[in-house]
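**Student:** Sharing a sequence plus its predicted fold:
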Amino acid sequence: MTVVRRTVGVAAVTALLCAGAVACGGDSGTGGGAPQSHAQVTQALTAAYKKTAEAKSAKVEMTMKTPVALGDGGTMKMSGTMGWDPTVMDMTMSGSAFTAADPQAPENIRMVWQDDVMYMDMGAKAAKDMDGKRWMKMDLGAAAKQSGDKTLSSQLTGGVDSMNQDPAQQIAVLLDSPNLKHIGSAEVDGVQTEHYKGKLTVDEMMAKNDSLKMLSKSERGQLLENVKKAGVKDYDTELWINDDDLPVRMDVTMDSSQGAIDMSMRYSDYGAAVKVDVPPAGQTFDFMEMLKEIGAAAGAVNGSDAADSGLDSDV
């Protein structure tokens, strides 16, 4: 269960970051080049927004680093192919974010995503405990409907809505940065690019995030309060765009009271075909059904203990 909880948490965050095209961290070299006016910067990012939306897919390599002080800290790497509009992924995840939770966790976890359903390969060890089934299935949309909990339903469907965002929308959000600027020319992985940078406060980011509109005013207020309690004040975003008006790299850094949260994503092969082979039903176990069974078993044990206690009292 420890592995499952950590995997689900990291996978959900990763899917959100990937589909939202948010990434950051790492060193970057910046060269010369004529400075661009604000109008030229806006024009460049607008072109990148349009081209990214049209591409609909790309190969991705992502690294996310979170402070150990946050409890779930560590490094997580992810690579593979993803598509947007609709969301589809075939990615492999690895890193200390998994093994720190449980030394028995698999070193690599493959995640496939299709039709708002996520499948994760939990490895051979998990299969031994799940009747030979190694793939965990998470249907967030169905789970939201079955929960009967309005708040939980909003959170789950909101997560799906966020994951379904076109990655170009994140570039559109960056366009709203009041201090967006051109840093200069730079070479990234052998590709000549133009380097841009902008900053958004937490309030500005939340105001522009369409996926948060499904939350009530009080829920948005609570989320904003929790983010600020963690010491996160703003988001520094850097973007490298190639001569084809496509992002080669995007970086985002968030400073918190526990330390910096860094993510870095690199893109290539835009328009690459994304074909997801969903595992057969015979090789999958449903995460929500597993939780129900655990809850039922716990209830039965508690009921038995209560009965025994009553019997002892009568005696």
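**Tutor:** Received it, and whenever you're ready, just let me know what you need.
**Student:** Please, where are all the strands along the stretch 101-250 of the chain?
**Tutor:** 108-114, 117-121, 135-139, 181-188, 191-201, 234-242, 247-256 (DSSP state E, counting those that start in this stretch).
**Student:** got the end-to-end distance for stretch 267-283?
**Tutor:** The first and last residues of stretch 267-283 sit 32 Å apart, counting by C-alpha to C-alpha, to the nearest Å.
**Student:** of the strands of the stretch 101-250 of the chain, which approaches residue 58 most closely?
**Tutor:** For the strands of the stretch 101-250 of the chain, proximity to residue 58 was assessed by C-beta to C-beta; strand 247-256 is nearest, at 8.8 Å. Bear in mind the C-beta positions are built from the backbone N, C-alpha and C, glycine included.
**Student:** Compute the number of surrounding residues for residue 275.
**Tutor:** Neighbours of residue 275 under the rule other C-beta atoms under 10 Å: 9.
**Student:** and the residue nearest to it when sequence neighbours are not counted, what does it touch?
**Tutor:** Nearest residue to residue 275, sequence neighbours excluded (C-beta to C-beta, 6 or more residues apart in numbering): residue 90, at 7.7 Å. Contacts of residue 90 were listed using C-beta atoms under 8 Å, 6 or more residues apart in numbering, and they are 80, 81, 82, 110, 111, 112, 113, 274, 275, 276.
**Student:** Could I get these in TSV, plus columns for distance to residue 46 and pLDDT?
**Tutor:** Output for these, formatted as TSV (distance: C-beta to C-beta, whole Å; pLDDT from 0 to 100):
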residue	distance to residue 46	pLDDT
80	29	91
81	26	90
82	23	87
110	36	91
111	32	89
112	33	91
113	29	88
274	26	78
275	31	80
276	31	83
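**Student:** which one of those residues is nearest residue 139?
**Tutor:** Of the contacts of residue 90, the one sitting nearest to residue 139 (C-beta to C-beta) turns out to be residue 113, at 11.2 Å.
**Student:** Beta-bridge partners for the closest residue to the closest one other than its chain neighbours, please?
**Tutor:** Nearest non-adjacent residue to residue 113, counting by C-beta to C-beta, 6+ apart: residue 89, 4.0 Å away. Residue 89 has these beta-bridge partners by DSSP bridges: residue 82, residue 113.
**Student:** burial count for residue 89?
**Tutor:** 25.
**Student:** isn't it right up against residue 111?
**Tutor:** Yes. Shown here, residue 89 and residue 111 form a contact pair, counting by C-beta atoms under 8 Å, at 6.5 Å.
**Student:** still on that earlier bit, right, and the strands of the stretch 101-250 of the chain - which one's nearest residue 54?
**Tutor:** That would be, of the strands of the stretch 101-250 of the chain and by C-beta to C-beta, strand 247-256, which comes in at 12.9 Å.
**Student:** What strands flank that closest one, and is each parallel or antiparallel?
**Tutor:** Sheet pairing for strand 247-256, assigned by DSSP bridges, gives strand 234-242 (antiparallel), strand 259-268 (antiparallel).
**Student:** Put together CSV for these, with mean pLDDT, distance to residue 74 and mean neighbour count on each row.
**Tutor:** Shown next, in CSV, are these (pLDDT from 0 to 100; distance: least, C-beta to C-beta, whole Å; neighbours: other C-beta atoms under 10 Å):
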stretch, mean pLDDT, distance to residue 74, mean neighbour count
strand 234-242, 88, 21, 22
strand 259-268, 85, 12, 20
